[in-house]
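> Give me a 3D structure for the following:
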Amino acid sequence: MNETKGGRMWGWDASVRAVLVAVAVVGLLACDGGDAVVSLNNPACVTDGFVVGETCVGGVVYAVNFQGSGETLILHPSDFGPTQYKDTNDATVPTPNNQDDGRLATGTFDTNHLASLTCQNLASNGYSDWYLPAVNELGAMEPPYNLGLLPIPGSTEFWSANEVNSDSTAAYSVDLSGGPGGISNGKTGSLTVRCIRRG
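Reported below is the predicted structural model:
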(Lines give C-alpha, C1' and ligand atoms only; values in the text may rest on other atoms or scores of the structure.)
Protein backbone atom coordinates (compact mmCIF):
# COMPACT_ATOMS: atom_id res chain seq x y z
CA MET A 1 0.00 0.00 0.00
CA ASN A 2 1.30 3.49 -0.85
CA GLU A 3 0.32 6.87 0.48
CA THR A 4 1.17 10.33 -0.81
CA LYS A 5 2.46 12.73 1.83
CA GLY A 6 3.74 16.22 1.09
CA GLY A 7 3.86 15.52 -2.63
CA ARG A 8 6.06 12.45 -2.20
CA MET A 9 5.11 8.81 -2.57
CA TRP A 10 5.71 6.68 0.53
CA GLY A 11 5.89 2.92 0.17
CA TRP A 12 4.90 1.02 3.30
CA ASP A 13 7.02 -2.09 2.58
CA ALA A 14 9.41 -2.16 5.56
CA SER A 15 11.99 -4.37 3.85
CA VAL A 16 12.34 -1.93 0.94
CA ARG A 17 12.63 1.04 3.28
CA ALA A 18 15.21 -0.75 5.41
CA VAL A 19 17.37 -1.41 2.34
CA LEU A 20 17.10 2.22 1.21
CA VAL A 21 18.07 3.56 4.63
CA ALA A 22 20.92 1.06 4.93
CA VAL A 23 22.26 2.20 1.54
CA ALA A 24 21.98 5.83 2.63
CA VAL A 25 23.86 5.20 5.88
CA VAL A 26 26.60 3.23 4.11
CA GLY A 27 26.92 6.08 1.64
CA LEU A 28 27.29 8.58 4.47
CA LEU A 29 30.00 6.62 6.20
CA ALA A 30 31.88 6.21 2.94
CA CYS A 31 32.22 9.98 2.55
CA ASP A 32 35.27 11.63 4.06
CA GLY A 33 36.18 8.71 6.33
CA GLY A 34 32.83 8.63 8.10
CA ASP A 35 32.36 12.39 8.56
CA ALA A 36 29.93 12.94 5.71
CA VAL A 37 29.60 16.71 5.68
CA VAL A 38 28.56 17.20 2.06
CA SER A 39 25.83 14.54 1.93
CA LEU A 40 24.41 15.53 5.30
CA ASN A 41 23.99 19.22 4.59
CA ASN A 42 21.40 18.94 1.84
CA PRO A 43 19.28 22.12 1.98
CA ALA A 44 16.60 20.65 -0.32
CA CYS A 45 15.19 18.46 2.44
CA VAL A 46 14.45 21.56 4.51
CA THR A 47 12.74 23.49 1.72
CA ASP A 48 10.94 20.47 0.19
CA GLY A 49 9.92 18.96 3.53
CA PHE A 50 11.64 16.33 5.65
CA VAL A 51 11.10 12.66 4.82
CA VAL A 52 11.98 9.81 7.19
CA GLY A 53 15.11 8.03 5.97
CA GLU A 54 16.56 11.08 4.20
CA THR A 55 20.08 12.18 5.01
CA CYS A 56 20.35 15.90 5.62
CA VAL A 57 20.98 18.62 8.22
CA GLY A 58 23.70 16.57 9.87
CA GLY A 59 22.25 13.06 10.01
CA VAL A 60 19.38 10.75 9.15
CA VAL A 61 15.79 11.96 9.59
CA TYR A 62 13.90 9.45 11.73
CA ALA A 63 10.79 11.32 12.93
CA VAL A 64 8.87 14.19 11.32
CA ASN A 65 6.56 16.48 13.33
CA PHE A 66 7.53 14.57 16.46
CA GLN A 67 4.51 14.41 18.79
CA GLY A 68 2.92 17.33 16.96
CA SER A 69 5.80 19.68 17.81
CA GLY A 70 6.44 20.64 14.19
CA GLU A 71 10.05 19.58 14.72
CA THR A 72 12.02 16.84 12.99
CA LEU A 73 14.31 14.41 14.85
CA ILE A 74 17.67 13.76 13.21
CA LEU A 75 19.98 10.93 14.24
CA HIS A 76 23.76 11.32 14.09
CA PRO A 77 25.14 8.59 11.79
CA SER A 78 27.58 7.32 14.44
CA ASP A 79 26.98 5.75 17.84
CA PHE A 80 29.36 6.49 20.73
CA GLY A 81 30.66 4.58 23.73
CA PRO A 82 29.92 2.56 25.63
CA THR A 83 30.17 5.10 28.41
CA GLN A 84 28.82 5.61 31.91
CA TYR A 85 25.71 7.72 32.32
CA LYS A 86 27.47 9.50 35.14
CA ASP A 87 30.69 8.78 36.99
CA THR A 88 28.94 8.78 40.39
CA ASN A 89 25.65 7.35 41.66
CA ASP A 90 24.66 10.65 43.22
CA ALA A 91 21.25 11.89 44.27
CA THR A 92 20.78 14.56 41.59
CA VAL A 93 17.77 14.35 39.29
CA PRO A 94 17.56 17.06 36.59
CA THR A 95 14.62 19.43 36.55
CA PRO A 96 12.66 19.25 34.36
CA ASN A 97 13.02 15.52 33.74
CA ASN A 98 11.11 15.73 30.44
CA GLN A 99 10.71 12.38 28.64
CA ASP A 100 9.75 14.00 25.32
CA ASP A 101 12.61 16.45 24.86
CA GLY A 102 16.16 15.64 25.96
CA ARG A 103 17.21 19.26 25.43
CA LEU A 104 15.26 20.27 28.56
CA ALA A 105 17.19 17.85 30.77
CA THR A 106 20.54 18.39 29.06
CA GLY A 107 20.85 22.00 30.16
CA THR A 108 20.76 20.99 33.84
CA PHE A 109 23.59 18.44 33.67
CA ASP A 110 27.00 19.04 35.22
CA THR A 111 30.43 17.79 34.13
CA ASN A 112 29.83 14.36 35.69
CA HIS A 113 27.10 13.48 33.18
CA LEU A 114 29.35 11.64 30.73
CA ALA A 115 26.63 10.33 28.40
CA SER A 116 25.08 13.77 27.98
CA LEU A 117 28.46 15.46 27.50
CA THR A 118 29.24 13.03 24.69
CA CYS A 119 26.48 14.72 22.69
CA GLN A 120 26.78 18.25 24.10
CA ASN A 121 30.47 18.42 23.11
CA LEU A 122 29.87 16.98 19.65
CA ALA A 123 30.56 19.32 16.72
CA SER A 124 30.00 17.17 13.67
CA ASN A 125 28.66 17.38 10.12
CA GLY A 126 28.34 21.14 10.38
CA TYR A 127 26.26 21.17 13.58
CA SER A 128 27.00 21.59 17.29
CA ASP A 129 23.48 21.37 18.75
CA TRP A 130 23.48 17.60 19.33
CA TYR A 131 21.97 16.33 22.56
CA LEU A 132 21.23 13.11 24.44
CA PRO A 133 17.67 12.06 23.53
CA ALA A 134 14.89 11.60 26.07
CA VAL A 135 13.12 8.26 26.52
CA ASN A 136 10.36 8.99 24.00
CA GLU A 137 12.78 10.42 21.44
CA LEU A 138 14.75 7.17 21.61
CA GLY A 139 11.50 5.20 21.46
CA ALA A 140 10.71 6.82 18.12
CA MET A 141 13.69 4.85 16.71
CA GLU A 142 12.07 1.52 17.54
CA PRO A 143 10.51 -0.58 14.77
CA PRO A 144 8.31 0.11 12.92
CA TYR A 145 9.13 3.80 13.33
CA ASN A 146 12.85 3.69 12.57
CA LEU A 147 12.54 2.25 9.04
CA GLY A 148 15.48 -0.07 9.54
CA LEU A 149 17.85 2.36 11.29
CA LEU A 150 19.54 -0.46 13.14
CA PRO A 151 21.98 0.10 16.01
CA ILE A 152 25.62 -0.83 15.72
CA PRO A 153 26.22 -4.60 15.84
CA GLY A 154 25.76 -6.01 19.33
CA SER A 155 24.26 -2.82 20.75
CA THR A 156 20.53 -2.21 21.04
CA GLU A 157 20.35 -0.39 24.39
CA PHE A 158 21.10 3.31 24.69
CA TRP A 159 21.22 5.89 27.48
CA SER A 160 18.41 8.44 27.59
CA ALA A 161 18.58 11.93 29.09
CA ASN A 162 16.16 10.91 31.84
CA GLU A 163 16.98 9.93 35.39
CA VAL A 164 14.68 7.84 37.58
CA ASN A 165 12.68 10.04 39.95
CA SER A 166 12.07 7.23 42.45
CA ASP A 167 15.73 6.10 42.49
CA SER A 168 18.31 8.87 42.37
CA THR A 169 21.11 6.40 41.66
CA ALA A 170 19.51 5.25 38.39
CA ALA A 171 18.85 6.60 34.90
CA TYR A 172 16.70 5.33 32.06
CA SER A 173 17.89 3.58 28.96
CA VAL A 174 15.85 2.32 26.01
CA ASP A 175 16.35 -1.07 24.38
CA LEU A 176 15.38 -0.69 20.73
CA SER A 177 14.75 -4.42 20.44
CA GLY A 178 12.52 -4.63 23.50
CA GLY A 179 9.49 -2.43 23.00
CA PRO A 180 8.58 1.04 24.30
CA GLY A 181 9.48 2.55 27.64
CA GLY A 182 12.61 3.11 29.68
CA ILE A 183 14.72 0.59 31.59
CA SER A 184 16.22 1.57 34.94
CA ASN A 185 20.02 1.23 35.12
CA GLY A 186 22.63 2.32 37.64
CA LYS A 187 24.25 5.57 36.55
CA THR A 188 27.77 4.15 36.66
CA GLY A 189 26.90 1.36 34.21
CA SER A 190 28.18 1.65 30.66
CA LEU A 191 25.89 1.75 27.62
CA THR A 192 26.04 3.13 24.08
CA VAL A 193 25.07 6.73 23.34
CA ARG A 194 23.11 8.02 20.37
CA CYS A 195 23.05 11.75 19.70
CA ILE A 196 20.26 13.61 17.99
CA ARG A 197 19.34 17.16 16.96
CA ARG A 198 16.13 18.82 15.81
CA GLY A 199 15.46 20.40 12.46
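> which stretches of this protein form strands?
Assignment of strands within the chain using DSSP state E yields the ranges 2-5, 8-11, 55-56, 59-63, 73-75, 80-84, 157-163, 170-175, 183-186, 190-193, 196-198.
> residue ranges with poor pLDDT in this protein?
By pLDDT under 70, the weakly predicted segments of the chain are 1-44, 89-96, 106-110, 143-154, 179-180.
> do you know which of the strands of the chain lies nearest residue 115?
Minimum separation from residue 115 across these (CB to CB) falls at strand 157-163, 4.2 Å. For every residue, glycine as well, the C-beta is placed using N, CA and C.
> Can you name every helix or strand that that closest one contacts?
Packing partners of strand 157-163 (3 or more CB pairs under 8 Å, 6 or more residues apart in numbering; DSSP states H and E): helix 102-106, helix 135-139, strand 170-175, strand 190-193.
> Pull the residues that contact it.
Among residues not part of strand 157-163, those counted as contacts by CB atoms under 8 Å, 6 or more residues apart in numbering are 79, 83, 85, 92-94, 97-99, 102, 105-106, 115-116, 131-135, 137-138, 151, 170-176, 182-183, 187, 191-194.
> and the nearest residue to residue 140 once chain neighbours are set aside, bridged to which residues?
By the measure of CB to CB, 6 or more residues apart in numbering, the closest residue to residue 140 outside its immediate chain neighbours is residue 63, 4.4 Å from it. In this structure, residue 63 has the following beta-bridge partners (DSSP bridges): residue 73.
> just residue 124 next, same as before
In this structure, residue 124 has beta-bridge partners residue 127, where bridges are defined by DSSP bridges.
> returning to what we had before: surely the residue nearest to residue 140 meets residue 52?
Yes - Residue 63 is in contact with residue 52 according to CB atoms under 8 Å; the separation is 6.9 Å.
> Please say which of these two ends up with more neighbours.
When residue 63 is set against residue 52 and neighbours are counted by other CB atoms under 10 Å, the residue ahead is residue 63, at 23 against 20.
> From residue 84, how far off is that one?
With distances defined as CB to CB, to the nearest Å, the gap from residue 63 to residue 84 amounts to 27 Å.
> Could you do residue 62 as well?
Relative to residue 84, residue 62 is positioned 25 Å away (CB to CB).
> and if you look at residue 112?
For residue 112, the distance to residue 84 equals 9 Å [CB to CB].
> returning to what we had before: a markdown table please, covering the helices and strands packed on strand 157-163 and showing distance to residue 156 and mean neighbour count.
Rendered in a markdown table, the data for those read as follows (distance: least, CB to CB, whole Å; neighbours: other CB atoms under 10 Å):
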| stretch | distance to residue 156 | mean neighbour count |
| --- | --- | --- |
| helix 102-106 | 19 | 21 |
| helix 135-139 | 11 | 24 |
| strand 170-175 | 6 | 23 |
| strand 190-193 | 9 | 20 |
